[in-house]
Every structure is written in structure tokens, then in C-alpha cells.
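Colleague: The following comprises the amino acid sequence and a computationally predicted model.
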Amino acid sequence: MNAFFIGIGGMGMSGLARILHCEGFKVAGSDRNLDGDYCRRLQELGVRIYPQDGKGPELFMQQCGLQASEFKIVKSTAVENQVPDVQTAEKLGVEQIMRSDLLAMMFNAKKGIAIGGTAGKTTTTGLVAWILKHAGREPSCAVGGIMAGLDTNAFMGEGPHFVIEADESDGSIVKYRPWISVVTNISRDHKTLDELKQLFATFFDNTDDTGMRLVCADDQHAMSLAEMCHGRVSTYGLKAQADFRATDVRIDTDTAEFSVDGVRFSVRMPGEHNVLNALAAIATARTCGLSLEEIAAALHAFPGMKRRFEKVGMVNGVTVIDDFAHNPAEIAAAVQAARKASTRRFIVYQPHGFGPTSFTRDDLIEVFSNLKENEFLFLDDIFYGGGTVSRDITSEEIVKTVRQRFKNAFYTGSRDEIVARISAEAESGDMVLVMGARDINVICRQILDRLPARQKCAA
């Protein structure tokens with residue numbers, strides 16, 4: 001299918017654009033940020049990317065010799081009708097489809113493995129795809145992050161399986177017809193708990209009875225799906241009743257080790273949450289017919305996901321970590337992992353959009369208010385992605401509320417000041433944990449660059 005993607009620089013959009021391009025179709029797109037990492041990756045493949053000014057669709061048609069009936073406009077729920085390229089598509093009479101519909105068409109044509117949940121689904125999806133590829137099964141994959149060892153977020157393989165990260169935020173998760181469905185956990189994010197449970201229950205009901213429905217036994221909300229859906233549900237976790245259980249768990253600064261049915265596993269990802277992610281991947285791979293020994297070898301070789309507790313560097317004994325965490329559950333898991341590997345923690349967070357931040361405000365405040373005395377929180381301004389969303393909440397207001405219970409919370413209104421303060425105060429044994437789904441991670445390298453300068457001044 002020839003396609004023009006509006007917002008092609010997004011993770012999900014760029015992945016599908018890459019797959020279609022590599023399959024030989026004519027592909028182009030537009031984006032507000034032409035310098036973004038995903039735009040750069042696509043441009044290196046030869047994909048044309050235009051400014052989002054309404055001219056792109058017509059230029060695409062002219063340069064590729066296409067008629068309006070010979071390609072489709074692909075957009076996501078984040079793209080509003082006021083976007084110039086949408087208006088141009090309507091004028092030209094080009095059919096518009098949602099990103100989730102395109103992914104569902106690709107996914108449902110294969111033996112699909114869909115990973116859902118509030119937190120951990122990106123890492124788990126990457127793990128499953130890596131294991132299958134390592135074992136020679138040549139899966140297809142679309143995931144919301146870059147797999148470090150493969151340096152991509154999407155690819156089409158010749159094997160029968162298609163592994164995807166299934167998004168519940170826009171309700172599109174119910175479009176998929178999986179052979180294996182996984183729910184890692186459920187907590188408030190874009191929707192209420194009741195709404196999420198109903199979505200995930202439908203997701204499970206849409207799963208083929210010859211495959212598997214899998215939930216984390218350690219998450220009570222996910223476990224409630226066993227009573228809500230109509231098919232059998234398998235479980236994984238640390239609890240004794242889990243069908244796939246990890247025992248003899250050992251977690252240190254950089255790795256996690258555990259055993260499953262007498263086979264020892266080691267992953268280069270710290271934190272109990274990553275033990276659970278690995279367990280979900282093990283259960284999925286076993287259902288695909290792989291032995292525990294094959295899976296253990298693949299997990300040992302897994303290099304991790306970009307921006308998932310990724311170590312950017314260490315200077316003067318100060319470690320800087322980049323993490324994509326952007327909801328309360330993910331933030332709490334990242335902080336917990338950081339506590340096992342540092343003396344003190346400087347925590348930086350960029351809230352992810354005004355709508356999601358407003359919806360999860362109380363949960364964010366609760367997570368931040370329970371930080372410890374040896375932790376220091378800095379909130380960046382809320383990311384604004386454009387459009388007509390109401391901007392009725394601020395990071396400064398969140399910090400003021402958090403400071404009623406946790407005094408080490410700061411709003412500076414300046415990234416430069418955040419960098420200056422952390423680089424001046426961090427000491428050997430400390431960790432800087434930078435979290436957020438957008439561009440806050442640019443300060444990671446800035447902090448590392450400032451640390452040697454501080455050492456010279458002190459000398």
C-alpha cells in the first residue's frame with residue numbers, strides 16, 4: 001500500500017512507514033519536527049519527509065506520479081482535522097485511515113503476538129521479538145522504542161509471527177485479533193481503571209483460543225481479567241501460584257538473574273519490573289515452541305531497549321540514566337530500580353502532554369510525594385504537542401503541591417538551570433535519572449559534559 005503519513009516522526013507512525021517502504025511501496029510523510037530521530041532514520045532510508053504545511057501530499061503525488069486513488073493518508077488520533085495536510089487530503093479526495101487500522105491489517109494477517117498494559121509493554125515486546133529472531137524464527141515487529149541490538153523499531157520478517165506493542169490509550173487495542181495476548185499490568189493512565197479493564201477484557205476475548213492469554217500474577221488489576229473474559233488465562237510472576245514463576249531472584253546495579261523450572265536466566269536490565277517483563281517474554285516464547293535453554297541464551301544476549309533505563313554515561317562516579325517513563329506506574333518502577341544502584345538520586349521528569357498530565361495529576365503527585373530524603377526532583381515544563389488541547393495545568397503547580405509533603409521538589413522554568421544545579425551538586429555514587437517520552441533526554445549529555453568541568457574548577 002502506497003502511503004503518506006501525517007506525523008511520520010512519531011514512534012508508531014515511523015515504524016509502519018519503515019515497513020511499507022522496505023516492502024517496496026511508495027512512502028512519504030510530514031512532521032512538525034523534521035530534525036527528530038525517527039525522521040532522520042527514515043530519511044536515511046530514502047523516505048521523503050515534508051514540513052506539515054499542507055503541500056506535502058500534492059508534492060508526493062507529483063514526485064511519485066501517483067493519483068489520489070493510488071495511495072492513502074495515514075494519521076493517528078493525535079492529528080487534528082485542522083492540520084493543513086489533513087485539509088489538503090480532503091480537498092484531493094485521498095482516502096484517510098488510522099495508524100491503528102493499518103497496523104491491524106498487517107498484524108491480523110499473521111500469527112499475532114500483542115503485548116498490552118500500562119507499563120512494560122515496550123520492553124516486553126522488544127524482548128519477545130528479539131528472542132524469536134535470535135532463535136531463527138524471523139518474526140515481524142512494530143514496537144514503540146528502538147531495540148538496541150537491531151537499531152530499529154519495526155521490521156517485516158518471513159516467519160509466521162508478528163509481535164506488536166498494543167496501545168490502549170486510544171482504544172485501538174480492540175482492533176487486533178491475537179494468537180497470543182499479554183497484559184503486563186493495569187493502572188490509571190489515559191483512562192479510568194474500569195475503562196481499561198473493559199478494553200483489556202475485550203482484547204482477551206478477541207484472542208484465538210488455540211493461543212494464550214497471559215497476565216501478570218503480581219498485578220491485581222490485571223488478574224481481574226481472568227474473571228472478566230471468556231477464555232482461559234495463564235499467569236506469570238513472582239507469586240507461588242503463577243504458571244510461569246521466577247525463583248531465586250537476584251538484582252544488582254546492571255543486571256537481574258532468576259530461575260524458571262531449574263533454568264538460570266540473566267538479563268542486562270536491573271529492577272524487579274524487568275524480571276516480570278522477561279517472564280512475560282519467556283512464557284510467550286515457550287508457547288511459540290522454544291525451549292527454556294534457547295530463551296535463556298537469547299535473553300543473555302539481549303542488549304536492551306533505547307531509552308529504557310539506558311545508561312548514557314558515567315563521569316566522576318555520577319551515572320546518568322535516560323528512561324522513557326511517562327506515566328506514574330513507569331516512573332515508580334524506574335525510581336525503584338535506581339534506588340538499588342545509587343547513593344542519591346537526582347530525578348528529572350518532563351510531563352507528557354497537558355491532557356495526560358491533567359488526568360494523572362493526583363497519581364503523579366502521590367508518586368513524587370513519596371520520594372525519599374536522598375532524592376531530588378526537578379520538573380520540566382509540560383510538553384505541548386500542538387492542537388486545541390486545554391492548557392490548564394502547569395509543572396510549577398504540581399511542584400507546589402508535592403512540596404507540601406516532599407521538600408526536595410523544584411521547578412526552575414529553565415532546563416539550563418536544571419543542568420547547572422545537578423552538575424554542581426551530584427557526587428560520586430549518585431545517579432541522575434532523566435524521564436519523559438519527549439525531548440528531555442537531551443540534557444543527559446549536557447549534564448555529563450558539565451561534570452568534568454566542575455571537577456577541574458574544584459581542583
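Modeller: Here it is on my side, so go on.
Colleague: Now do the helix or strand where residue 124 lies: which elements does it pack against?
Modeller: Per DSSP states H and E: residue 124 is located in helix 121-134. Packed against helix 121-134 by the contact rule (3 or more Cβ pairs under 8 Å, 6 or more residues apart in numbering; DSSP states H and E) you find strand 111-116, strand 140-147, strand 161-165, helix 272-287, helix 292-301. For every residue, glycine as well, the C-beta is placed using N, CA and C.
Colleague: and residue 16, how far is that from residue 5?
Modeller: 7 Å (Cβ to Cβ, to the nearest Å).
Colleague: Settle it for me: which of the two has more neighbours?
Modeller: residue 5 (31 against 23; other Cβ atoms under 10 Å).
Colleague: So what sits opposite that one in the bridge?
Modeller: Beta-bridge partners for residue 5, by DSSP bridges, are residue 29, residue 74.
Colleague: That one and residue 13 touch, don't they?
Modeller: Yes: in this structure, residue 5 is within contact of residue 13 by Cβ atoms under 8 Å, at 5.0 Å.
Colleague: which residues do the two both contact?
Modeller: Overlap between the contact sets of residue 5 and residue 13, as judged by Cβ atoms under 8 Å, 6 or more residues apart in numbering, is given by 29, 74, 99.
Colleague: Which residues are in contact with the last one?
Modeller: It refers to residue 99. The contact partners of residue 99, by Cβ under 8 Å, 6+ apart, come to 5, 12-13, 16, 74-76.
Colleague: tally of neighbours for residue 264?
Modeller: 12.
Colleague: which SS state does it fall under?
Modeller: With DSSP: H, G, I helix; E, B strand; the rest coil as the basis, residue 264 sits in strand.
Colleague: Just list whatever residues bridge to it.
Modeller: Applying DSSP bridges, one finds that residue 264 bridges with residue 259.
Colleague: how close does it get to residue 124?
Modeller: Counting by Cβ to Cβ, the separation of residue 264 from residue 124 is 20 Å.
Colleague: try residue 9
Modeller: 24 Å.
Colleague: And for residue 74?
Modeller: 26 Å.
Colleague: With residue 339 instead?
Modeller: Residue 339 is 22 Å from residue 124, where distance means Cβ to Cβ.
Colleague: So the two - more neighbours on which side?
Modeller: residue 124 (27 against 16).
Colleague: residues in contact with the more buried one?
Modeller: 115, 117, 182, 184, 277, 280-281.
Colleague: Is it correct that residue 271 is in contact with residue 249?
Modeller: No: counting by Cβ under 8 Å, residue 249 is not a contact partner of residue 271; they are 10.9 Å apart.
Colleague: For the chain, name the helix or strand with the lowest mean pLDDT.
Modeller: Every helix and strand of the chain was ranked by mean pLDDT, DSSP states H and E. The lowest is helix 442-458, at a mean of 78.
Colleague: pLDDT weak spots in the stretch 151-300 of the chain?
Modeller: Along the stretch 151-300 of the chain, segments meeting pLDDT under 70 span 190.
Colleague: how about a cut-off of 90?
Modeller: The stretch 151-300 of the chain contains residues with pLDDT under 90 at 151-153, 167-172, 187-193, 195, 226-227, 229-231, 240, 251-255, 268-273.
Colleague: Relative to residue 211, which of the shared contacts of residue 5 and residue 13 is nearest.
Modeller: residue 99 (24.4 Å; Cβ to Cβ).
Colleague: Not counting sequence-adjacent ones, nearest residue to that closest one?
Modeller: residue 76 (4.5 Å; Cβ to Cβ, 6 or more residues apart in numbering).
Colleague: Surely that neighbour is in contact with residue 10?
Modeller: Yes: Residue 76 is within contact range of residue 10, at 6.6 Å (criterion: Cβ under 8 Å).
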